[in-house]
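The sequence isn't on hand, but the structure is:
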């Protein structure tokens, strides 16, 4: 049996909720974490047509990109579109989960999925996130107690690097100290200098758990007063997490040719693909951002991109950007861009869930625009 809670654990592993913007609302919206799931439906928007599709398909859970409730509500009565949708899902036993801004920036997220759908190479974030603040903790411990202190540090969360844990470095030296009156030394005698063969242990640790790591170290250390250093490490950029993506086309195309290729990659919408720039310009380096990405216009120019792709570009920012010598712009439908993430999520879920759990992508086009006259 696979439960809603087990699926949430996977989603939180890939798209940690701590990385959602402060204003965002992500996670389980409706449903019981202990409920069994046999069918999943993946969609961009939690709208009535998607809910109807889920009911008809016998889905037990919907995973959406956009939130159903982004602002506070005082009523879920079935007198509003959102209230009616919530009542339908609850009465049908269908859970609803949202991964929004926390799914935009990571590897395998929305912008990354668009870049891969376009066949870009050397993909990296357009604006890389800073890594979580890290410490290096250095502690000196007698040789015979080194393993217990090392285990305590790892058990408290220190020493994790990428896909590895319990990482540490050690070197051996001689420690010297003299216990003073009132001391209760584990080694040595009050008033006499003592030399001890000690191990220098070094581990990295997230700064946010510093207190618990130091407490674990002190608890396992045999000395009354352990000698240790806490070094705050320089902030570094994440290699695979950040806003937008930058990559290279396998071969240079004209802006017209590239726009046509992009149009064929995206689901059809009334919005289509809008282009600003010289149609004959050669395109090699591509910058993009899923969703509304005008906040990255300057970064696209600084990165040396030939074109920047995003959604919901406004008239004045786009016009002023082009007047100031900005790169070519392509504006695509918000829904169309973010729908490219759904097959990526589907593949990841199928790889980790039992075969009996069906994972389907919604066939409903939830772009709000229906006609281009």
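It's in. Keep in mind that what you see is a predicted model, and the values were worked out from it rather than measured.

Residue 194 and residue 180, how far apart?
12 Å (CB to CB, to the nearest Å). No exception for glycine: its C-beta is placed from N, CA and C like everyone else's.

no no, residue 88
Going from residue 88 to residue 180 by CB to CB gives 74 Å.

returning to what we had before: looking at residue 194 and residue 180 now, which is surrounded by more residues?
For the pair residue 194 and residue 180, the greater number of neighbours falls to residue 194 (13 against 9), based on other CB atoms under 10 Å.

Residue 174 is in contact with the more buried one, correct?
No. Counting by CB atoms under 8 Å, residue 194 stays clear of residue 174, with 10.4 Å between them.

Residue 4 contacts residue 33, correct?
Yes. Residue 4 is in contact with residue 33 according to CB under 8 Å; the separation is 5.0 Å.

Between those two, tell me which one has more neighbours.
Higher neighbour count among residue 4 and residue 33: residue 4, with 22 against 13, using other CB under 10 Å.

contacting residues for the more buried one?
Shown in contact with residue 4 (CB atoms under 8 Å, 6 or more residues apart in numbering): 28, 31-35, 37, 60-61, 95, 97.

list the buried ones in the strand or helix carrying residue 111?
Assigned by DSSP states H and E, residue 111 belongs to helix 110-117. Judged by neighbour count using 16 or more other CB atoms under 10 Å, the buried positions of helix 110-117 are 110-115, 117.

Contacts for the helix or strand where residue 260 lies next, please.
If you go by DSSP H and E, residue 260 is part of helix 255-265. Helix 255-265 has contacts (CB under 8 Å, 6+ apart) with 117-118, 249, 253, 272-273, 275, 277-283, 286, 307, 309, 328, 330, 332, 340.

If we ignore the residues flanking it in sequence, what's nearest residue 55?
In space, and not counting its chain neighbours, residue 55 is closest to residue 92: 5.1 Å by CB to CB, 6 or more residues apart in numbering.

rewinding a little: make a PyMOL selection of whichever of the contacts of helix 255-265 turn out to be buried.
To isolate the buried members of the contacts of helix 255-265 in PyMOL, using 16+ other CB under 10 Å:
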select buried, resi 117+118+249+253+272+273+275+277+281+283+286+307+309+328+330+332+340
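
Among the contacts of helix 255-265, which are located in helices?
In helices, defined here by DSSP state H, the members of those are residue 117.

Mind checking which of the contacts of helix 255-265 are in strands?
249, 253, 273, 275, 282-283, 286, 307, 309, 328, 330, 332 (DSSP state E).

which of these lies closest to residue 369?
Checking those against residue 369 with CB to CB, the nearest one is residue 332 at 12.2 Å.

contacting residues around that closest one?
262, 266, 271, 273-274, 309-311.

all helices for the stretch 101-250 of the chain, in order.
Secondary structure of the stretch 101-250 of the chain (DSSP state H, counting those that start in this stretch): helices at 110-117, 146-155, 210-220.

For residue 124, which of those helices is the nearest?
Closest among the helices of the stretch 101-250 of the chain, once you apply CB to CB, is helix 110-117, at 9.3 Å.

That's all I had, so thanks and see you.
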